[in-house]
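A.B. asks: from the sequence below, what's the structure:
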Amino acid sequence: MMKLILIGGLVFVAVVAFFIVRSGASRTVSLDVDFKLTDLDYHPLAGVPLRLVVGAKDWRAPNAGTQIVTAADGSAKFTTPASINRRWIFVNLGFTPFSIPLRADHIAVAAELPFVLPKKGGDDIVHRWLYTADIDRMSDGDCNTDDLDDVYDTGSDGRFSKFVGTNAAGPNFNTVVDGWLLSGAGYQLSDFMLEPDKADTTGQHWHLKLAIKRRPKPVLP
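C.D. replies: Okay, here's the model as predicted:
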């Protein structure tokens, strides 16, 4: 029995190593970003300053990415150089517990957003956290993500190196901040799509559609 477990473990390690080795090198493309910020009911949030970091290698840097302010319809559009790489991901087979490895185009995304907590007898406490996500595009055009996942605050070095929590969209954030036990970090992805420009035969021009919903501010009990 122990021999079978050992063999199974070695096979698993070999498979994982194979996929890591076969992951493609990244390439830098020109990326058109179409962003929108709304509330839970999809009403646009205008005049919100934030920072988007898409396909950047040094995503923890406080000055990485693009500073924007949302327009009257909650949108912002810009073009930026971005790194896209090919990698292997595991995708579930329907509603079964099984998954298969598939090759995908991958881009890392981060958004520095204000997270507001009320305070008894004083002004609100405003944190500026960096919310991260990974978006993968399969060969059939479908895109996958685990939503906004790990959340970071600035560390002593001024970079976003201080881990706050994972699973930002909830309900399992489970992080204590300013005396609050939070089940979520206030935001979630509502729409995303990564695709190459069909008119560009060089493969150097891509599009990213990204929409984020902001949850209501927590209420003091």
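A.B. asks: give the residue spans of this structure that score low on pLDDT.
C.D. replies: The model of the chain has pLDDT under 70 over residues 1-24, 220-221.
A.B. asks: can you give me the helices in it?
C.D. replies: Counting by DSSP state H, the segments of the chain that form helices are 2-22.
A.B. asks: and the residue nearest the centre of it?
C.D. replies: Nearest to the mean C-alpha position of the chain, counting by C-alpha atoms, centre = their mean, stands Ala133 at 1.3 Å.
A.B. asks: how close does that one sit to Ala199?
C.D. replies: Applying C-beta to C-beta, to the nearest Å, one obtains 27 Å for the distance of Ala133 from Ala199. Heads up, the C-betas are built off the backbone N, CA and C, glycines and all.
A.B. asks: count the neighbours of the spatially closest residue to Lys77 that is not a sequence neighbour for me.
C.D. replies: Counting by C-beta to C-beta, 6 or more residues apart in numbering, Lys77 lies nearest to Asp34, which is 5.5 Å off, once chain neighbours are set aside. Asp34 sits with 15 neighbouring residues when counted by other C-beta atoms under 10 Å.
A.B. asks: tell me who's in contact with Asp34.
C.D. replies: Residues counted as contacts of Asp34 (C-beta atoms under 8 Å, 6 or more residues apart in numbering) are Ser75, Lys77, His207, Leu208, Lys209, Leu210.
A.B. asks: now, of those residues, which are buried?
C.D. replies: Among these, those classed as buried by neighbour count (16 or more other C-beta atoms under 10 Å) are Ser75, His207, Leu208, Leu210.
A.B. asks: which one of the residues you listed is nearest Val54?
C.D. replies: Of all the buried ones among the contacts of Asp34, the one sitting nearest Val54 is Leu208; the distance, using C-beta to C-beta, is 6.2 Å.
A.B. asks: wait, that closest one sits on Asp197?
C.D. replies: No. Checked against C-beta atoms under 8 Å, the pair Leu208 and Asp197 is beyond contact range at 11.3 Å.
A.B. asks: quick check: neighbours shared by those two?
C.D. replies: Contact with both Leu208 and Asp197 is made by residues Asp32, according to C-beta under 8 Å, 6+ apart.
A.B. asks: can you give me the strands for the chain?
C.D. replies: According to DSSP state E, the chain carries its strands in the segments 27-39, 49-54, 66-69, 75-92, 99-117, 125-138, 143-145, 151-153, 162-165, 175-177, 180-182, 187-196, 205-214.
A.B. asks: and the third one, which strands flank it?
C.D. replies: What that stands for is strand 66-69. As defined by DSSP bridges, the strand partners of strand 66-69 come to strand 49-54 (antiparallel).
A.B. asks: check the offset of the strand it pairs with from the chain's centre.
C.D. replies: Relative to its parent chain, strand 49-54 has a centroid offset of 12 Å by C-alpha atoms, centre = their mean, to the nearest Å.
A.B. asks: how about it: buried residues?
C.D. replies: Leu50, Arg51, Leu52, Val53, Val54.
A.B. asks: who touches the third one in this structure?
C.D. replies: Neighbour list for Leu52: Val33, Phe35, Gly65, Thr66, Ile68, Ala76, Val109, Ala110, Ala111, Glu112, Leu210 [criterion: C-beta under 8 Å, 6+ apart].
A.B. asks: and the first one, how far from Asp41?
C.D. replies: Going from Val33 to Asp41 by C-beta to C-beta gives 24 Å.
A.B. asks: bridging residues for Val29?
C.D. replies: Ala82.
A.B. asks: wait, it sits on Thr202?
C.D. replies: No. Taking contact to mean C-beta under 8 Å, the distance of 9.3 Å between Val29 and Thr202 leaves them out of contact.
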